[in-house]
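Engineer: Provide a 3D model corresponding to the input given below.
(2 chains)
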Number of protein chains: 2
Amino acid sequence: MKLRLSGIPPLSAAVIDPAIPLGAMTSPSSPSPDDSLHITKRRLLDVGLATLLERGYNATGIQDLLVATSVPKGSFYHHFASKEDFALQVVDRYLAEVNALLEQSLGDSDRAPLERVRSFFERLMAFYASQGYLGSLIGLLGQELAAVNTAFRRRMEGAFDGIARRLADTLEEARRRGDLPAEMDPFQAANLMLDCWEGAAARSRLLRSPAPLEAAIEVSFRTVLA
Amino acid sequence: MKLRLSGIPPLSAAVIDPAIPLGAMTSPSSPSPDDSLHITKRRLLDVGLATLLERGYNATGIQDLLVATSVPKGSFYHHFASKEDFALQVVDRYLAEVNALLEQSLGDSDRAPLERVRSFFERLMAFYASQGYLGSLIGLLGQELAAVNTAFRRRMEGAFDGIARRLADTLEEARRRGDLPAEMDPFQAANLMLDCWEGAAARSRLLRSPAPLEAAIEVSFRTVLA
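Structural biologist: Purely as a prediction, here's the structure:
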């Protein structure tokens, strides 16, 4: 018997009609990179992100998604091979958004390197705020599926590693300018910042509050990068 | 249609026969506080912890547990009202173990306060090692169920808050001795250490490695508490 979580509520209004669709954070006035996506596929991915962020993978039912989006089952399987394929495409789109925030922040050559790093975490916090402080989808699905699904585990670990490397490049730039101690290992520092951030994102999900994220930014800049 | 995770493996040997039952970490020679538990109930809770740590809540099937433990269904429902009740009892036992580590570490008055705090995290890392670096059950279930189950969310948040308060008491002792800056807020510092720790535990679950945990301990003592 595989019991369903008792008292699980129906999909919330925020899930069925996400206030801020993906892409709105990065390019409010320019066309979204999603514009080439079939409208039905994009709607499934938008509602899928909100649902996965709220419930996680195993408690997300495809049937609920179909009802919420008024999409017939055949159409879902036209766009996605399986629930796993669907979730991985939601993750890819989410990561594209995080990477866009990363490029916008770190690529801003008018600002000092450490300001760019801070700007990334502040934008990420605004992204979480737009989703109601449900934390990090990479962290969430990585945790839920790490031990039982190798495809997810590798994707999530690759995502963390890629973000840490990109942050480390900018920390290295700061180090060379003398804004960080010469003996600092930028990649190690970037990984530590990221781990603290993910722990804070998890706590903010429990509390539904930005406070742990704000504290993580402050402490990273006061201590890890001191 | 509520799809099951494709390719989910059967319960692993480590789950069916946990190498180190709960209680072994804290009191190797003295009787376990679990001794009063019915043997069947204890076995279900031991295998339940290993299974929940590996799979999370939603992917844990009661039927798999019954097969793995050779316990009949009626006996399970004699000891537990529901799957949720079962998982909450596993969590309570896990928290009792973490709290025992906390008391053993922080109550050791022969050592300086900061050494006691470090000892707690080192013991916790040994506890995670005994489970194959699957991370923190509180973090894991808190993430998975935060948005859909209020009982779990409150229990996990209460657990973090209790641990942070206990750590803060010892940090306050260190502050009063002059081992920490006078202007430090011990409760805020304890929460930050805990969030970094949970993020590192999540990363160690992805990597199945102690490296992120070791880094979190080092950085906490080099920076947050500097």
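Engineer: helix or strand for the residue of chain A found nearest chain B, which one?
Structural biologist: Residue nearest to chain B within chain A: A:Gly199 (2.9 Å; CB to the nearest CB). From N, CA and C alone the C-beta is placed, and that goes for glycine too. Under DSSP states H and E, the secondary-structure element containing A:Gly199 is helix A:186-207.
Engineer: flag every buried residue along the strand or helix carrying A:Leu114.
Structural biologist: Here A:Leu114 sits within helix A:113-130, counting by DSSP H and E. Judged by neighbour count (16 or more other CB atoms under 10 Å in any protein chain shown), helix A:113-130 contains these buried residues: A:113-114, A:116-121, A:123-125, A:127-128.
Engineer: now for the helix holding A:Gly199, which elements pack on it?
Structural biologist: helix A:113-130, helix A:137-145, helix A:150-177, helix A:211-219, helix B:137-145, helix B:150-176, helix B:186-207, helix B:211-219 (3 or more CB pairs under 8 Å, 6 or more residues apart in numbering or on different chains; DSSP states H and E).
Engineer: give me the neighbour count for A:Gln63.
Structural biologist: In terms of burial, A:Gln63 registers 12 neighbours under the definition other CB atoms under 10 Å in any protein chain shown.
Engineer: the buried residues of helix A:113-130 also near chain B: which ones?
Structural biologist: Among these, no residue sits close to chain B (CB under 8 Å from any CB of the partner chain).
Engineer: possible to save those as JSON lines with pLDDT?
Structural biologist: Compiled in JSON lines, the buried residues of helix A:113-130 are given as follows (pLDDT from 0 to 100):
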{"residue": "A:Pro113", "pLDDT": "96"}
{"residue": "A:Leu114", "pLDDT": "95"}
{"residue": "A:Arg116", "pLDDT": "96"}
{"residue": "A:Val117", "pLDDT": "96"}
{"residue": "A:Arg118", "pLDDT": "95"}
{"residue": "A:Ser119", "pLDDT": "96"}
{"residue": "A:Phe120", "pLDDT": "97"}
{"residue": "A:Phe121", "pLDDT": "97"}
{"residue": "A:Arg123", "pLDDT": "97"}
{"residue": "A:Leu124", "pLDDT": "97"}
{"residue": "A:Met125", "pLDDT": "97"}
{"residue": "A:Phe127", "pLDDT": "97"}
{"residue": "A:Tyr128", "pLDDT": "97"}
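Engineer: between the residues you listed, which is nearest B:Leu53?
Structural biologist: Within the buried residues of helix A:113-130, the smallest distance to B:Leu53 is 26.4 Å, found for A:Tyr128 (CB to CB).
Engineer: OK, contacts around the closest one?
Structural biologist: Contacts here follow CB atoms under 8 Å, 6 or more residues apart in numbering or on different chains; on that basis A:Tyr128 touches A:Leu134, A:Gly135, A:Ser136, A:Ala201, A:Ser204, A:Pro210, A:Leu213.
Engineer: so can I have a markdown table of those showing neighbour count and pLDDT?
Structural biologist: Putting these into a markdown table (neighbours: other CB atoms under 10 Å in any protein chain shown; pLDDT from 0 to 100) gives the following:
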| residue | neighbour count | pLDDT |
| --- | --- | --- |
| A:Leu134 | 21 | 95 |
| A:Gly135 | 26 | 96 |
| A:Ser136 | 30 | 96 |
| A:Ala201 | 28 | 97 |
| A:Ser204 | 26 | 96 |
| A:Pro210 | 16 | 97 |
| A:Leu213 | 23 | 97 |
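Engineer: biggest separation within these, which pair?
Structural biologist: Checking these against each other with CB to CB, the farthest-apart pair comes out as A:Ser136 and A:Pro210, at 13.4 Å.
Engineer: ok, the residue of chain A closest to chain B touching B:Ala200?
Structural biologist: Yes: in terms of CB atoms under 8 Å, A:Gly199 counts as a neighbour of B:Ala200; the distance is 7.1 Å.
Engineer: could you look up the SS state of A:Gly135?
Structural biologist: The assignment at A:Gly135 comes out as coil when based on DSSP: H, G, I helix; E, B strand; the rest coil.
Engineer: pretty sure A:Pro186 contacts A:Ala168?
Structural biologist: Yes: under the contact definition of CB under 8 Å, A:Pro186 touches A:Ala168, with a separation of 4.2 Å.
Engineer: can you list the low-confidence ranges for chain A?
Structural biologist: With pLDDT under 70 as the threshold, chain A has low-confidence stretches at A:1-36, A:223-226.
Engineer: identify whichever of the helices and strands packed on helix A:186-207 lies nearest to A:Lys41.
Structural biologist: If we rank those by CB to CB, the stretch that ends up nearest is helix A:137-145, at 18.2 Å.
Engineer: which residues does that closest one contact?
Structural biologist: Applying CB under 8 Å, 6+ apart, the contact partners of helix A:137-145 are A:49, A:52-53, A:56-58, A:87, A:90-91, A:94-95, A:98, A:134, A:152-153, A:156-157, A:159-160, A:198, A:201-202, A:205, B:5, B:56, B:58-59, B:135, B:139-140, B:143-144, B:199, B:202, B:205-206.
Engineer: which among those residues end up buried?
Structural biologist: Among the contacts of helix A:137-145, the ones that count as buried (16+ other CB under 10 Å) are A:49, A:52-53, A:56-58, A:87, A:90-91, A:94-95, A:98, A:134, A:152-153, A:156-157, A:159-160, A:198, A:201-202, A:205, B:5, B:56, B:58-59, B:135, B:139-140, B:143-144, B:199, B:202, B:205-206.
Engineer: neighbours around A:Pro181, how many?
Structural biologist: Residues within reach of A:Pro181, counting by other CB under 10 Å, total 10.
Engineer: for the nearest residue to it once chain neighbours are set aside, give me its contacts.
Structural biologist: Among residues not flanking A:Pro181 along the chain, A:Arg175 sits closest, at 7.5 Å (CB to CB, 6 or more residues apart in numbering or on different chains). Contact partners of A:Arg175, counting by CB under 8 Å, 6+ apart, are A:Pro181, A:Ala182, A:Met184, A:Pro186.
Engineer: host element of A:Glu54?
Structural biologist: Per DSSP H and E: A:Glu54 is located in helix A:39-55.
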